[in-house]
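Student: got a sequence here, can you model it:
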Amino acid sequence: MGPAAGGDRLVTGDDRGLRAVLRVRDVRERDGRLGVRSALTEQVEARRRRERFEASQSLVADDSGAGFAAALQLGALVGERVAEARADESRASTAVDHARDHLVAARRQVQTVEALLVRRAERRREALRRQEQRELDDLAAQRWIRGQEEGR
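Tutor: Numbers count the residues shown, from 1 in each chain. Take a look at the predicted model:
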């Protein structure tokens, strides 16, 4: 099967396979971007929850004994919620870091395949240039020979 035009490059059978790999890598990179976006959203939500719980810790109770006991119970509950929210925020931060790492790896894979495709296209262009040069040299040699034969 001969080369077919593909954008500004010649696409051969070998490149079709690499282009399929590139499409898969592109999908993984897109999934990585979505993963980062999702993880960042979770991180922001966790931070907002933590901030809400921390803000509710500053509630003031009345001076009565029952009010003070209720405030202590509420404070303990809110304290637990704040601790849970901080743990959620920490997990979300870790998820963001992992998602970014996956995205960077996916981008690197895409760039590697793209670079390979570019190198292959450059090699094909160079091979075509050399072939054309050989053909031109052959034509020039044939003309020279004809000129020599006609001169006799």
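
Student: average pLDDT for the helix ranked longest in the chain, rounded please.
Tutor: Taking DSSP state H as the assignment, the helix of the chain that covers the most residues is helix 65-150. For helix 65-150, the mean pLDDT works out to 91.

Student: now for that helix, which elements pack on it?
Tutor: strand 9-11, helix 13-56 (3 or more C-beta pairs under 8 Å, 6 or more residues apart in numbering; DSSP states H and E). In short, each C-beta sits where N, CA and C put it, glycine included.

Student: wait, Glu54 sits on Val82?
Tutor: Yes. With contact defined as C-beta atoms under 8 Å, Glu54 and Val82 form a contacting pair (5.6 Å).

Student: compare those two (neighbour count), which wins?
Tutor: Val82 (19 against 15; other C-beta atoms under 10 Å).

Student: what's the neighbour count on the residue nearest to the more buried one when sequence neighbours are not counted?
Tutor: Here the nearest residue to Val82 in space, its sequence neighbours aside, is Phe53; by C-beta to C-beta, 6 or more residues apart in numbering that works out to 4.4 Å. Neighbourhood size, Phe53 [other C-beta under 10 Å]: 19.

Student: for Phe53, give me its contacts.
Tutor: Val78, Arg81, Val82, Ala85 (C-beta atoms under 8 Å, 6 or more residues apart in numbering).

Student: that'll do, ta.
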